Every structure is written in C-alpha cells, then in structure tokens.
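> the following block contains a protein sequence and its predicted model.
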Amino acid sequence: MKIKDLPQTERPYEKLEIYGAENLSNAELLAIIIKTGTKEKSSISIAQEVLKLKEGTMYDNLRFLQDISLEEFMQIKGIGKVKAIQLKAICELTKRIARPIDKPKTTIKNPKDVADLLMPELRYEKREIAKVLILNNKNIVLRVVNISLGGTNFACIEPKDVLAEAIKMQAPKIILVHNHPSGDSKPSKGDYSVTDRIYEAAEIMGIELLDHIVIGDNTYRSLLLKNVCF
C-alpha cells in the first residue's frame, strides 16, 4: 500500500504533526527520512527493510544503524546514494546530540561523575578512544583532551601524551578515561599496566592521577578508586 492510500492520520508526516514524534514507530520515523518509495514499495516498507539489515537485532535497538555503510544501505531497492547519505548523516547527528553539552565549572567528585560526563559519547563508539580530564585543585574540569584513537580492540596510550596538556597548563590533577567497544567495561591486564605507568610518570611530574575509568555500554569501572569520593 502506498503512503497516499493510507488514512491521513496514519501517514507518517501527518501522524507526527498530530500526535508528536514520540508516537511514531521506528519504521515510520525512518520513512520520513527516506521520504519517497518506489512503484512496488512504500517508504515504510523500505524503512522496514532497513530495520532488518542486521539479523537478530531487536526492533527497538537502532544502535546498529551507525555501523551500516553507504553500500549496505544502497543494497536496498529504493535507497540510492542520496538517501543513503541522508541516513548516514542522521546517524552521525544522533551520535553528536548524545555528546554532553560543555558545562562551565563541572566538578568531579567520584568515578560516577566521570561516567555521567562521557558515557553518552563513548558508549557507542566502535573504536577505542582515550581521553584525559584535566582538573584544578578543586576538581573542576579545565579541559577534556582526546589523546588516542585506536582500533576496535585497543588504543595506544602513552604517558607523554596523557601528561602533555596537563604539564602545559600546570594542572595538578588528571583522570584518564577510555572506552571498550565491546561494551564490557571490565579492565584488561593491559589497562592496569598502562595505569601503573601513567601513575608513576605523573607522580614524577608532580601531577596526581586520580583515576582511570573504563567506559562500556552503560557500564563503567574504576581502576583505582572503586567509587570512593575524590
């Protein structure tokens, strides 16, 4: 059935206007982005095919869309290069919307504060990313610095990279953070080894490494403080 053959209150555009975006299904929301169908399929039918690109994926979990390539989108009849690019752009926008808004004078009191700050950005990343929170004596965040972008299983974290910005800013405290793309926040032996190296190097430079936090998918682990307040 074509969209125009549906009752007006069941067409995605009109339904969103009348009932609000939160009352549309995933397929209906995607259909609005896809916009037009083909002679054989409506935009909703095409959207349903998009949602089936990953076998075994729960219908309500749209995270997998961020991993679909342009070529995979274009394998669906009715999605050309332009629509595939639009879908990729929407996926990237949603990822950026999830990033925390910079707040002045963010104070870090414990590992949960770190997780709350960076979880929205790091939990869905498919590559390991390492960041350093640079703090003043009152544990107020002065800067968040990206120090390493790795592959799906590792990020190269060197003490000199971790400490460089803190030394430049003459900051007294830092917190190291990195994610596990697998979603499991359990630290590896390598994570503990890196923590020891950076702790020793920071101590030599007169900088306190408060913690090393591993971010997973809605989980996190503290390698040093186990949720003890700073």
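In hand now; what should we look at?
> show me the strands in the protein, by range?
129-135, 141-149, 173-179, 208-215, 220-222 (DSSP state E).
> those strands: which one's closest to Asp161?
Asp161 sits nearest to strand 141-149 of all the strands of the chain, at 4.6 Å, using Cβ to Cβ. No exception for glycine: its C-beta is placed from N, CA and C like everyone else's.
> in the sheet, which strands lie alongside that closest one, parallel or antiparallel?
Within its sheet, strand 141-149 is paired with strand 129-135 (antiparallel), according to DSSP bridges.
> just put the strands of the chain in a markdown table and tack on mean neighbour count.
Listed next are the strands of the chain as a markdown table, based on neighbours: other Cβ atoms under 10 Å:
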| stretch | mean neighbour count |
| --- | --- |
| strand 129-135 | 23 |
| strand 141-149 | 16 |
| strand 173-179 | 25 |
| strand 208-215 | 24 |
| strand 220-222 | 21 |
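> out of these, which gets the lowest mean score?
Mean pLDDT is lowest for strand 141-149 among those, at a mean of 87.
> where does this structure dip in pLDDT?
Flagging of the chain using pLDDT under 70 yields the residue ranges 1-9, 55-61, 98-104, 150-155, 226-230.
> only the buried residues of stretch 160-169, if you could.
For stretch 160-169, the neighbour count (16 or more other Cβ atoms under 10 Å) marks 161-163, 165-166 as buried.
> out of those, which are inside helices?
Per DSSP state H, helices hold the following members of these: 161-163, 165-166.
> between these, which sits nearest Lys39?
Nearest to Lys39 among those is Asp161, at 55.8 Å by Cβ to Cβ.
> can I assume the closest one is in contact with Ser148?
Yes: look at Asp161 against Ser148 with Cβ atoms under 8 Å: they come within range, at 6.6 Å.
> follow-up on the earlier one: CSV for the strands of the chain, including distance to Leu30?
Formatted as CSV, the strands of the chain follow (distance: least, Cβ to Cβ, whole Å):
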stretch, distance to Leu30
strand 129-135, 28
strand 141-149, 30
strand 173-179, 27
strand 208-215, 28
strand 220-222, 31
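> quick one: the helices in this structure?
12-19, 26-34, 43-51, 70-74, 81-97, 111-122, 159-169, 189-204.
> can you name every helix or strand that the fourth one contacts?
Using 3 or more Cβ pairs under 8 Å, 6 or more residues apart in numbering; DSSP states H and E as the contact test, the elements touching helix 70-74 are helix 81-97.
> buried stuff in the helix it packs on?
Using 16+ other Cβ under 10 Å as the test for burial, helix 81-97 gives 83-84, 87-88, 91.
> would JSON lines of the ones in helices among the buried residues of stretch 160-169 with distance to Glu49 be doable?
Listed next are these as JSON lines, based on distance: Cβ to Cβ, whole Å:
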{"residue": "Asp161", "distance to Glu49": "44"}
{"residue": "Val162", "distance to Glu49": "45"}
{"residue": "Leu163", "distance to Glu49": "50"}
{"residue": "Glu165", "distance to Glu49": "46"}
{"residue": "Ala166", "distance to Glu49": "50"}
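> grab the two from the residues you listed that are most spread out in space.
Spatially, the most separated pair among these is Asp161 and Ala166, at 10.8 Å (Cβ to Cβ).
> check contacts around Arg143.
Shown in contact with Arg143 (Cβ atoms under 8 Å, 6 or more residues apart in numbering): 133-134, 165, 169.
> ok, now which ones touch Val177?
Val177 makes contacts with 114, 118, 122, 130-133, 212-215, as judged by Cβ under 8 Å, 6+ apart.
> check the gap between it and Cys91 for me.
Counting by Cβ to Cβ, to the nearest Å, the gap from Val177 to Cys91 is 24 Å.
> fine by me, thanks again.
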